[in-house]
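> coordinates only, sequence not included:
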């Protein structure tokens, strides 16, 4: 029996896309303003840190929501469909960014074949494309995730969470550097950094009815948990700045999604937004807007660095300093431009098909 379409996944996808754009807007704000507003930085770079891992969460939820574990899994068919949706766009957009940067900055496209392979293998063509590399690895390892989720219990999930915290802490703060490419670029491909949130999404997708019933019965607990994890995560950021004397940039590079507070915040946010979008009383216009964002989030995610690049040129030409107000305007323009381009292209192709 086919399960109903979940608008909540679409809404979360749109919200996460807004978060990813905010993180990259925050990076520009930090690089162009020597005295940034630390509270705006917190909004851009800390509050939004659930965005990347929650994509893995909803990807796993959506996959396992549709899977019947008692039926055979057709690995080849699965990969063909997923590679068409992810691998081909990844290769196309990587090439677009490489050609663009070669044309604009004069970068040599491929100094040698080894470097070219490194760029494509580790998602180095642009700063946001590593996400697709990790997602491809998750798809390649799908039989492993199915085997693990079949045997998963609450106790094993807790042990996996502890292991996740320890591994991410080591990788983020203790691992050091190495000339080995697989180690050097481990954050760009190694799925172990996000294994727990992916498996959690898969488990909740398999037991979606029980999960939604649980959410319905424990709304206040979920709200409180989300708020506590957000406060702790923000508290860690402000502690680093106020007590430890970190710069805002150093603070956000330390208080990220793989830090212990960041992991708990991601879990709290993932469950909270599912609860909110399944059971919250949202205005009709907000639902329409979230649906619009969700349906077009993939293009906005892929294209927004182009918008950032050219809007920065416009700001420079107009001598606009990246103040807090201008950074907020810059953010909304990025979303509006990429979303508008997607809608215009869509209407153009629909008109030509008639």
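Perfect, I can see it now. Keep in mind the model is a prediction, meaning the values are calculated, not measured. Residues are numbered from 1 along each chain as shown.

> what number of residues lie near residue 255?
A count of neighbours around residue 255, defined by other CB atoms under 10 Å, yields 25. Yep, even glycine has a C-beta here, placed from its N, CA and C like the rest.

> which pLDDT does the model give it?
pLDDT for residue 255: 97.

> nearest residue to it other than its sequence neighbours?
Using CB to CB, 6 or more residues apart in numbering and skipping the chain neighbours, the partner closest in space to residue 255 is residue 237 (4.3 Å).

> just the element for that neighbour, please.
Element membership for residue 237, per DSSP states H and E: helix 219-242.

> for residue 338, what are its contacts?
With contacts defined as CB atoms under 8 Å, 6 or more residues apart in numbering, residue 338 is in contact with 299-300, 303-304, 306-307.

> ok, now with 10 Å
The contact partners of residue 338, by CB atoms under 10 Å, 6 or more residues apart in numbering, come to 17, 21, 296-297, 299-308.

> show me which of those residues is closest to residue 120.
Closest approach to residue 120 among the contacts of residue 338 (CB to CB): residue 302, at 15.5 Å.

> count of neighbours near that closest one?
There are 21 residues near residue 302, going by other CB under 10 Å.

> what packs against the helix holding residue 237?
On a contact count with 3 or more CB pairs under 10 Å, 6 or more residues apart in numbering; DSSP states H and E, helix 219-242 meets helix 38-45, helix 208-217, helix 248-254, helix 260-279.

> what packs against the longest helix seen in the chain?
For the chain, the longest helix by residue count, based on DSSP state H, is helix 284-317. When contacts are defined as 3+ CB pairs under 10 Å, 6+ apart, helix 284-317 packs onto helix 7-32, helix 51-66, helix 87-105, helix 130-140, helix 324-352.

> any idea how far the first one is from the chain center?
Okay, so that is helix 7-32. The chain centroid and the centroid of helix 7-32 are separated by 8 Å, computed with CA atoms, centre = their mean, to the nearest Å.

> could you give the mean pLDDT of that helix?
Averaged across helix 7-32, the pLDDT comes to 96.

> tell me the angle of it relative to helix 51-66?
Helix 7-32 runs at 160 degrees relative to helix 51-66, counting by axes from the mean of the first three to the mean of the last three CA atoms, to 10 degrees.
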